[in-house]
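In: Generate a structure from the sequence data that follows.
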Amino acid sequence: MSSTPASIIIVHGAFEHIGRYNHLIKQFEADGYRVLGQNLPGQGDSEGVKGHIRSFDQYIETIEKWLQQIDEGPVFLLGHSMGGLAVIRTMQELKPKVNGVILSSPAMGILNGASKPMEAASKILNYLWPSLKVDTQFNPEYVTKSEAVRIRDQHDQLILKKVSVRWYREFQRGIRQAFSKVDQFPDVPILVMQAGEDLMIDAWKTKEWFHKIDLHEKTYKEWPGLYHELFNEPEWKQVYAFATQFMQQQLSKPMR
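Out: Presented below is the predicted three-dimensional model:
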């Protein structure tokens, strides 16, 4: 086991920002981990046009920069929802040397997405007017049962209310590539934790992707009754304990 504290890079989901994970960051740090958490391009208070990206590859490039900021010691990637998808695509494209990957309700399929007419229109608008903004699907009551978090989110000015057509099309492209390049995921231990009552993403698509990856060590954990944001649920400390147990198991053995 390394004497250097393990580092955890937290990659937040769509519409939100890293500040919504302050409680999680504080808990990790209290338990001796180093945490790196920043906002993805176009999200939170990051630079650039809010709710807009040129390409999903911008997320991969951003995570690569975060990885480069860690100069020593074990490293884990923790991605939630769209952040989980970004972690998957980063692993497939860059194959970074990390000790493990943790995914929280990764966005492998979208529930209540655009209607068929809007889906067709978005393909055309992606070329004609890619920066056109549309309303997001973020609803505090859909992501957590915690009343305190719901109230906080209702007054959070950093949560995106609109995203661009290009962002939506690139999100969809990221999902397709995560499946088409499933055999390019490196042989790194992975823990996939899926909310049992997910109202935001298609849990069956998460499970489908999980069964397709061919790894020496992979764990799938479903949390019955929990909503999409596992780390913002009233039971989040149980989820935290499960995640840290996974990390400690990886830290107790040499990295492949």
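In: looking at this, Glu222 is in a strand?
Out: Yes - Glu222: assigned to a strand according to DSSP: H, G, I helix; E, B strand; the rest coil.
In: Helix or strand next in line after the helix or strand of the chain with the lowest mean pLDDT, which one?
Out: Averaged element by element with mean pLDDT, DSSP states H and E, the chain has its least confident helix or strand at helix 116-128 (a mean of 58). Note on helix 116-128: by DSSP states H and E, the next helix or strand toward the C-terminus is strand 133-135.
In: Does Ile9 fall in a helix, a strand, or a coil region?
Out: Put simply, Ile9 is strand when judged by three-state DSSP.
In: Would you mark the buried spots in the strand or helix carrying Gln172?
Out: The secondary structure element spanning Gln172 is helix 165-180 (assigned by DSSP H and E). Within helix 165-180, the residues scored as buried using 16 or more other C-beta atoms under 10 Å are 165-172, 174-175, 177-178. Every residue, glycine included, has its C-beta placed from N, CA and C.
In: what does stretch 183-193 give?
Out: Buried residues in stretch 183-193, counted by 16+ other C-beta under 10 Å: 185-186, 188-193.
In: so where does the residue nearest to the spatial centre of the chain fall, helix or strand?
Out: In the chain, the C-alpha closest to the average C-alpha coordinate belongs to Gly83, at a distance of 2.2 Å (C-alpha atoms, centre = their mean). Using DSSP H and E, the element containing Gly83 is helix 82-94.
In: What ranges does the stretch 101-250 of the chain have for its strands?
Out: 133-135, 162-164, 190-195, 218-223 (DSSP state E, counting those that start in this stretch).
In: Could you export the ones you listed to a markdown table, including columns for distance to Asp71 and mean pLDDT?
Out: Output for the strands of the stretch 101-250 of the chain, formatted as a markdown table (distance: least, C-beta to C-beta, whole Å; pLDDT from 0 to 100):
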| stretch | distance to Asp71 | mean pLDDT |
| --- | --- | --- |
| strand 133-135 | 39 | 76 |
| strand 162-164 | 34 | 87 |
| strand 190-195 | 24 | 98 |
| strand 218-223 | 28 | 98 |
